[in-house]
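K.L.:
build the 3D model from these lines:
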Amino acid sequence: MRSIGFLLTLILLLSTSPVSAELLISEIAPNTYAPYDEDEFVRILCINRTENLGDYSLSDLEDTLRLPHIILNPGDSVYLTRNATLFEKYMRERAIEVPLPRLSNSGDELLLLRGSKIVDAVRYGESREIEGWKGEPLDAPREGEILKRWKGDTDGREDWEGERPLYIGQSEFSVIEAQGDVLCFTTENSLEVLLKLLEEAESSVFIATYIFDHPLIAEKLRELSERGVEVRILLEGDPIGGFKASESLKMISGCSEVRIMSSAEHRDRYRFMHAKYVVIDGRKALITTENLNEVGFPKEAGNRGWGVVICGEGAEFLQMVFEDDWNGYDVREFREEVDVRFDVSYKGGADVFSSFATYELFVLPDSGISVFLKKIDDADEFIYLEQQYVERDGTLMREILRKASEGLEVRILLNDDEENRRTKEYLEEISERENLDLEVRLAENIHTKSILSDDFVIITSANMNDESILLNREIGVILYGEPVNFFIEVFEEDWRGAESHQEEMSAIMKISAGVLIAVLILLIRHFLILR
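P.N.:
Have a look, this model is predicted:
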């Protein structure tokens, strides 16, 4: 779904475009997935007043097309393509089929004319200088990339430069703000929370997750399916390490609908389907940092992850996101039935926290890095990160270091692995050199992806690196009010646990060093005796 993002673009254009602009070229896609780029397209946007598209023409300085008679009111737009059937397959939008001038993938010019007057112009790649365009051309698009006007009409590159690339079939969901009852939880009670939610399902359960491998949850889904609840599961089709169908996934595929996001023919809409959420009846939704496997939703010990259950408008929004992803050109059915039953015995009992709260939901890559940067910039006193890992020289880490240089307290808790040890050393060197109030600790099995500050907490499926945010399908929630205090307490408990972990590791290292020295001494003595 691209309509929400399109409306925001329109507002920007209306506020920055000169009064003389009637129609604008808002999107161009010359390098598509179809053979011979038969579905390449141009989008025309009406800005200031009602116009008849038939009064205009498009030209690439070689061929000129008189446009069809269509009345456009301010805010209306129309897609023009040579092959509407192929266009609709990939874009899932309606288009007008016309003999567009053929645009070169490596570079071209495109002019929107009213009579002989140039109303708008765009150039990209290897192209000629033209009237109506100032400065350097746009970069030639990659395969499947849409050149999009993100803002304004200054007749140059800056109008078309957004914070993320846009590809054919991708959505443009905006951040939504809502209020309602929320329930906050961590790994200790995640399985109990999810099972209770599933038990309440009456009509539908929609699950989006990177991987699925959980016998108990699969058995519960089978029960729901047998009593008439519609169950759908959307997975990443090419995860790191390859797609492996677990017994629980095979079992549930026999009684529910399972699809995987992985195109056999073209570039996927997103690098990974990495979101992690469950929508119940379109009324409640669970958002988590964890995959639906036995370490993400453990009976006993597992990863350290965080999550939240929301109700009402937020759940409706996530169901809309799910439907958009479910129906993409790069999604295909998975079915590999196996007749197996699993033990479903489980006793929960851990505490959860519930309250009425304001929250924001965001979708990636749609909202881009700015959704994080704005919140980090809002922090006044402290920033706490609990992350599986961070990109130490990435955009977000640079912004956090900037805030630390302004005097904010920064605490970063990472999973204990070799790469994060290097990150810890890197950040501690900067902290010591610049006298920052910044400390990094490591702990085992940290899988959460969370940012805490004075009055907000971000919980997301996205790892803190630029590629995950700009290329993956991810989901996140920003919570305000009482949930922030709950997760601050959770963080502080984990932070203290990390100190104990570091002390244990230090003791182990000392013991190991002592053992190694003793072994070396024995070997030297043995060598001397032999001599």
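
K.L.:
residues near the nearest residue to Gly237 once chain neighbours are set aside, how many?
P.N.:
Using C-beta to C-beta, 6 or more residues apart in numbering and skipping the chain neighbours, the partner closest in space to Gly237 is Ser262 (2.4 Å). Yep, even glycine has a C-beta here, placed from its N, CA and C like the rest. Ser262 has 18 neighbours, counted by other C-beta atoms under 10 Å.

K.L.:
please give me every residue in contact with Ser262.
P.N.:
Glu236, Gly237, Asp238, Phe243, Asp268, Asp330, Arg332 (C-beta atoms under 8 Å, 6 or more residues apart in numbering).

K.L.:
swap in 7 Å and give it another go.
P.N.:
Contact analysis of Ser262 by C-beta atoms under 7 Å, 6 or more residues apart in numbering lists Gly237, Asp238, Asp268, Asp330.

K.L.:
pull up the gap between it and Asn303, please.
P.N.:
From Ser262 across to Asn303, the span is 25 Å (C-beta to C-beta, to the nearest Å).

K.L.:
run through the bridge partners of Phe382.
P.N.:
For Phe382, the beta-bridge partners are Glu409 (DSSP bridges).

K.L.:
that one touches Ser453, doesn't it?
P.N.:
Yes. Using C-beta atoms under 7 Å, Phe382 makes contact with Ser453 at a distance of 6.4 Å.

K.L.:
the two: which is more packed in?
P.N.:
Ser453 (21 against 16).

K.L.:
what pLDDT does that one get?
P.N.:
At Ser453, the model reports a pLDDT of 97.

K.L.:
wait, it sits on Asp377?
P.N.:
No. Checked against C-beta under 7 Å, the pair Ser453 and Asp377 is beyond contact range at 10.2 Å.

K.L.:
next one: the host helix or strand of Glu428 to chain centre, how far?
P.N.:
Element membership for Glu428 (DSSP states H and E) is helix 418-434. Its chain's average C-alpha position is 27 Å from that of helix 418-434, according to C-alpha atoms, centre = their mean, to the nearest Å.

K.L.:
again with stretch 376-385
P.N.:
Distance, centroid of stretch 376-385 to centroid of chain: 22 Å (C-alpha atoms, centre = their mean).

K.L.:
shaky segments in the protein?
P.N.:
1-21, 337-351, 500-531 (pLDDT under 70).

K.L.:
hey, where'd the helices end up in it?
P.N.:
Ranges of helices in the chain, per DSSP state H, are 3-16, 84-91, 187-200, 215-226, 247-253, 313-326, 370-378, 395-405, 418-434, 466-471, 482-530.

K.L.:
output the ones you listed in TSV, with distance to Glu336 appended to each entry.
P.N.:
Shown next, in TSV, are the helices of the chain (distance: least, C-beta to C-beta, whole Å):
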stretch	distance to Glu336
helix 3-16	36
helix 84-91	26
helix 187-200	23
helix 215-226	13
helix 247-253	5
helix 313-326	19
helix 370-378	37
helix 395-405	39
helix 418-434	34
helix 466-471	28
helix 482-530	38
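
K.L.:
quick one: which of the ones you listed is nearest Asp108?
P.N.:
helix 84-91 (18.8 Å; C-beta to C-beta).

K.L.:
for the closest one, which positions count as buried?
P.N.:
Neighbour-count burial for helix 84-91, counted by 16 or more other C-beta atoms under 10 Å, picks out Ala84, Leu86, Phe87, Tyr90, Met91.

K.L.:
next: stretch 356-376.
P.N.:
Going by 16+ other C-beta under 10 Å, stretch 356-376 has these buried residues: 357, 359-367, 369-372, 375-376.

K.L.:
same question for stretch 160-175.
P.N.:
Buried residues in stretch 160-175, counted by 16+ other C-beta under 10 Å: 160, 164-175.

K.L.:
okay, now that stretch: how far is its last residue from its first?
P.N.:
21 Å (C-alpha to C-alpha, to the nearest Å).

K.L.:
residues in contact with it?
P.N.:
Contacts of stretch 160-175 (C-beta under 7 Å, 6+ apart): 1-2, 4-6, 8, 29, 32-33, 90-91, 138, 144-150, 269, 321, 324, 328-329, 360-363, 365-371, 470.

K.L.:
and that stretch, how far from the chain's centre?
P.N.:
The answer for stretch 160-175 is 11 Å, by C-alpha atoms, centre = their mean.

K.L.:
buried sites along the helix holding Glu428?
P.N.:
Asn420, Thr423, Lys424, Leu427, Ile430, Ser431.

K.L.:
circling back to that earlier point, if any of the contacts of Ser262 are buried, put those into a PyMOL selection.
P.N.:
Burial among the contacts of Ser262 is assessed by 16+ other C-beta under 10 Å; the matching PyMOL selection reads:
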select buried, resi 237+268+330
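
K.L.:
of the contacts of Ser262, just say which sits nearest to Ala95.
P.N.:
Nearest member of those to Ala95, counting by C-beta to C-beta, is Asp330, at 19.6 Å.

K.L.:
quick one: contacts for that closest one?
P.N.:
Met261, Ser262, Ser263, His266, Asp268, Arg269.

K.L.:
which of these sit farthest apart?
P.N.:
Met261 and His266 (12.4 Å).

K.L.:
the two: who's more crowded?
P.N.:
Neighbours around Met261 and His266, counted as other C-beta under 10 Å, are more numerous at Met261. The numbers are 23 against 16.

K.L.:
how about the nearest residue to that one, chain neighbours excluded?
P.N.:
Nearest to Met261 is Met273, by C-beta to C-beta, 6+ apart, at 4.1 Å.

K.L.:
for stretch 180-199, buried residues please.
P.N.:
So, applying 16+ other C-beta under 10 Å, buried residues of stretch 180-199: 182-195, 197-198.

K.L.:
and stretch 254-270, by the same measure?
P.N.:
256-263, 266-270.

K.L.:
which residues touch the closest residue to Arg304 other than its chain neighbours?
P.N.:
Computed as C-beta to C-beta, 6+ apart, the closest residue to Arg304 that is not its neighbour in sequence is Ile446, at 4.9 Å. The contact partners of Ile446, by C-beta under 7 Å, 6+ apart, come to Arg304, Glu386, Gln388, Leu413, Leu414, Asn415.

K.L.:
many thanks, we can stop here.
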